[in-house]
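**Student:** Output the structure for:
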Amino acid sequence: MTQDERNIAFPQGPFLSAAFLCETVLREASGVTSAIRIVDRINHGVIGPELRTEMEPFEYRLFLYLALKSGSARGPMELIIRMEDPSVTSKPIHTQTINFEGDDERGSNIIAELRLQLSFQGLHWFDVFLDGVRITRIPLRVVYLPQVRQAPPGPPGSGEGESEGQ
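**Tutor:** Numbering: from 1, shown residues only. Predicted structure coming up:
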């Protein structure tokens, strides 16, 4: 075994050919998939009457797309996706069994719909495990962008929206 093979989780397969987050996945009748709007950053803008320094938790829907090729792997393997937030709290968000069979270049496309509860701004990681071995990490940065909504000025002469003492 070469040094390069020792640095690969499964030197003979399965092999990871794609791993990312996106907003939509299209599945055509022919079996071809298309990923739309690949995402690695969410700008969460909130407009309110006062500036809030802490982000309120919010839900965000994304798809996690994985493409795995069998290589010499055969049979079932357990896939677990864990999300680690900036507070370093990690929790499983998707689990399934994948069955590798057929030719070496065949495999599985995993499309997992995620309804994320995001409570922290900063860098989130999605760890992808096969049979307990981490095969990749996918980053997602959440940026909190609060804005203050200014009250619209009132009609001229109403006194609303005008400065006093001028």
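**Student:** which residues of this protein score low on pLDDT?
**Tutor:** By pLDDT under 70, the low-scoring segments of the chain are 1-8, 151-166.
**Student:** swap the cut-off to 50 and go again
**Tutor:** The chain contains residues with pLDDT under 50 at 1, 160-166.
**Student:** Phi and psi next, for the residue positioned nearest the centre of the chain.
**Tutor:** Closest residue to the average C-alpha location of the chain: residue 21 at 4.5 Å, with C-alpha atoms, centre = their mean. Backbone torsions of residue 21, given as degrees, to the nearest 10, read phi -100, psi 140.
**Student:** partners of it in the sheet?
**Tutor:** For residue 21, the beta-bridge assignment (DSSP bridges) gives partners residue 39, residue 64.
**Student:** Am I right that it is in contact with residue 138?
**Tutor:** Yes - the criterion here is C-beta atoms under 8 Å, and residue 21 meets it with residue 138 at 6.1 Å. Every residue, glycine included, has its C-beta placed from N, CA and C.
**Student:** and residue 11, which of the three is it?
**Tutor:** Taking DSSP: H, G, I helix; E, B strand; the rest coil as the rule, one finds residue 11 in the coil state.
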